[in-house]
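# below: sequence and its predicted model.
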Amino acid sequence: MKRVVVTGLGAVTPVGNDLASTWESLCAGRHGIARITHFDPSEFKSTLAAEVKGFDPLQYLDRSTARRMDSSTTFGVAAATQAMADAGLEGKVDPERLGVYFSAGIGGINVTVTEHDKLKAKGPGRVSPYAITMMMPNAPSGEISIRFNAQGPSFGIVSACASSNHAIGEAYRAIAHGYADAIIAGGCEATIVPVCVAAFINCMALSKSTDPDRASIPFDKDRNGFILGEGGACVILEEYEHAKARGAHIYAEMCGYEATSDAHHITAPDPEAKGGARAIASAFQQAGVDTDKIYINAHGTSTPMNDKVETLAIKKALGEERARKALISSTKSMTGHLLGAAGAVEAVASVMALSTGIIPPTVGYQNPDPDCDLDYVPNVKREAEVEVALSSSLGFGGHNACIAFKKVKD
């Protein structure tokens, strides 16, 4: 198998519109949660969300092109553009060897709702001819491949909240097995619309807190649901020798990936954490580093079941002793839950933690839960040199994914 490295990063998140601002906010423990502004949430039992703020798609797209995209796709294109610039890869890879694995868990729901409203109010003749290409979940991968002339494998994996983690993992495997030299991998999502908020409320997934500082509180005893977020993030994965030959800056080496299924329930995790534990254990084993210096960016949704089961999964995967030495945080405490984009944002955070030696905190943590008794780096960042960074994602449908990174050694 060929070695795979990370040479570029990009992010548009509720805490920053690029990599530098997002990472600075995460390290400072600043969350992006506030009352919903995309619509009036007064009649809703949940009124908070983590919205992207001050984002201008015209920094990345001309006006006519931007109008033909759902907001989720513009977040993805922006993140990919940032990451490609960071990697300095454009024009330095064979187009037929450049791929795009870019996911959305739901896709263009904003456009779906808008065009349906238009159909009801004004008739079928007023529905946009671009509606289908704006709403389809593979729109981000298609638009990004066109933008960067990526003629290699290009698609989007849809596996709910694990979507972009799967995308990055499958991109890693494609390069490792020789099917591409570089892949633009990540995810995007924009679902802060009334129908999605209502649906998540009614399936008892969202927090009903009105206090932004106590809304997304992973692993805290008082957690009562997640907060919807939006945005996009991207990692450029590249074959090691290809990156080295062009003198690319290398953030980290990607060294493991596992995907499993609970085969248990469409929304609830397996209470025995078998699938999640296997994913984490396998990704860590593939890293090939026997170490206790581990950072885990947990799925950490702030729902009662997820955080309890994920804690159990970590213990089963690493063993009790090693699990207690691991540094664990949920950046969802600051970004909210970006659904299909969550894994990509958290992969970026994991790579940055590994490369900078700064572990972002889990903010809002006040009351320990005896079922969640590991080191979640509460409230304040921590400086620590780690040798392996793991990022796990658990999606509706029982989909589990874990990816692993380590420092590059010649």
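Great, that's in hand.
# I'd like to know how far N110 sits from H31.
N110 sits 23 Å away from H31, going by C-beta to C-beta, to the nearest Å. Just so you know, the C-beta spots here come from the backbone N, C-alpha and C atoms, and that holds for glycine as well.
# for these two, indicate the residue with more neighbours.
Neighbours per residue, other C-beta atoms under 10 Å: of N110 and H31, the larger number sits with H31, 24 against 21.
# look up the closest residue to that one, ignoring the ones flanking it.
M334 (4.1 Å; C-beta to C-beta, 6 or more residues apart in numbering).
# which strands and helices sit next to the host helix or strand of the one you found?
Element membership for M334, per DSSP states H and E: helix 332-335. If you count contacts as 3 or more C-beta pairs under 8 Å, 6 or more residues apart in numbering; DSSP states H and E, helix 332-335 packs onto helix 19-28, helix 342-356.
# please point out which parts of the longest one sit buried.
Along helix 342-356, the positions that meet the burial threshold by neighbour count (16 or more other C-beta atoms under 10 Å) are 342-355.
# cool, and the first one?
Neighbour-count burial for helix 19-28, with 16+ other C-beta under 10 Å as criterion, is recorded at 19, 22-23, 25-27.
# average pLDDT for the helix or strand just after it, rounded please.
On the C-terminal side of helix 19-28, the closest following helix or strand by DSSP H and E is strand 34-35. For strand 34-35, mean pLDDT is 98.
# strand 34-35 pairs with which strands, parallel or anti?
Strand pairing for strand 34-35, determined by DSSP bridges: strand 48-49 (antiparallel).
# so how far is the strand it pairs with off the chain centroid?
18 Å (C-alpha atoms, centre = their mean, to the nearest Å).
# pLDDT of it, averaged?
Rounded mean pLDDT across strand 48-49 is 98.
# start and end of stretch 183-197, how far apart?
Chord length of stretch 183-197, first to last residue, is 33 Å (C-alpha to C-alpha, to the nearest Å).
# next one: the helix holding M334 to chain centre, how far?
A distance of 11 Å separates the centroid of the chain from that of helix 332-335, by C-alpha atoms, centre = their mean.
# what's that helix in contact with?
Helix 332-335 is contacted by residues 13-15, 25-26, 29-33, 50, 216-218, 226-227, 229, 231, 299-302, 342, 345-346, 360-365 when judged by C-beta atoms under 8 Å, 6 or more residues apart in numbering.
# what's the angle from whichever strand or helix holds F102 to helix 342-356?
Per DSSP H and E, F102 falls inside strand 98-103. Angle, strand 98-103 to helix 342-356, by axes from the mean of the first three to the mean of the last three C-alpha atoms, to 10 degrees: 120 degrees.
# show me what strand 98-103 is packed against.
helix 71-87, helix 139-147, strand 154-155, helix 163-176, strand 182-189.
# between the longest one and helix 163-176, how big is the angle?
Pointing back at helix 71-87 there. Interaxial angle, helix 71-87 versus helix 163-176 (the same axes, to 10 degrees): 40 degrees.
# which non-adjacent residue is nearest M136?
Counting by C-beta to C-beta, 6+ apart, M136 lies nearest to G107, which is 6.2 Å off, once chain neighbours are set aside.
# oh sorry, the question was meant for E96
Q151 (4.8 Å).
# what's near enough to touch that neighbour?
95-96, 98, 145.
# may I ask which of those residues has the most neighbours?
The most crowded member of the contacts of Q151, judged by other C-beta under 10 Å, is L98 (26 neighbours).
# quick check: it touching D181?
Yes - if you go by C-beta atoms under 8 Å, L98 and D181 touch, sitting 6.9 Å apart.
# ranges for the helices of the stretch 301-410 of the chain?
304-318, 320-325, 332-335, 342-356 (DSSP state H, counting those that start in this stretch).
# and the ones you listed as CSV, adding distance to G187?
Formatted as CSV, those follow (distance: least, C-beta to C-beta, whole Å):
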stretch, distance to G187
helix 304-318, 19
helix 320-325, 28
helix 332-335, 13
helix 342-356, 4
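# for those, which one sits closest to D40?
Of all the helices of the stretch 301-410 of the chain, helix 332-335 sits nearest to D40, with 23.4 Å by C-beta to C-beta.
# in that closest one, what's buried?
Buried-residue list, helix 332-335, by 16+ other C-beta under 10 Å: 332-335.
# stretch 65-74 too?
Buried residues in stretch 65-74, counting neighbours by 16+ other C-beta under 10 Å, are found at 65-66, 68-74.
# from the residues you listed, pick the one nearest D40.
D40 has its nearest neighbour among the buried residues of stretch 65-74 in S71, at 18.3 Å by C-beta to C-beta.
# any idea how far the closest one lies from G232?
For S71, the distance to G232 (C-beta to C-beta) stands at 10 Å.
# can you list the domain ranges for this protein.
4-245, 253-406 (automatic domain parsing).
# any idea of the mean pLDDT in the shortest one?
Per-residue pLDDT over domain 253-406 has a mean of 97.
# what about it, how long is it end to end?
5 Å.
# do stretch 38-52 as well
Stretch 38-52 has an end-to-end distance of 10 Å (criterion: C-alpha to C-alpha).
# buried ones in that stretch?
Of the residues in stretch 38-52, 41, 44, 46-52 count as buried by neighbour count, 16+ other C-beta under 10 Å.
# got it, and stretch 355-373?
Residues of stretch 355-373 classed as buried: 355, 358-365, 369, 372 (neighbour count, 16+ other C-beta under 10 Å).
# using a markdown table, please lay out these together with distance to T133.
Below are these laid out as a markdown table (distance: C-beta to C-beta, whole Å):
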| residue | distance to T133 |
| --- | --- |
| S355 | 37 |
| I358 | 40 |
| I359 | 41 |
| P360 | 36 |
| P361 | 40 |
| T362 | 39 |
| V363 | 38 |
| G364 | 39 |
| Y365 | 43 |
| D369 | 45 |
| C372 | 43 |
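# can you name the two of those residues that sit furthest apart?
S355 and D369 (31.1 Å).
# pick the most buried one from the helices and strands packed on strand 98-103.
Across the helices and strands packed on strand 98-103, the average number of neighbours (mean count of other C-beta atoms under 10 Å) peaks for strand 182-189, which reaches a mean of 34.
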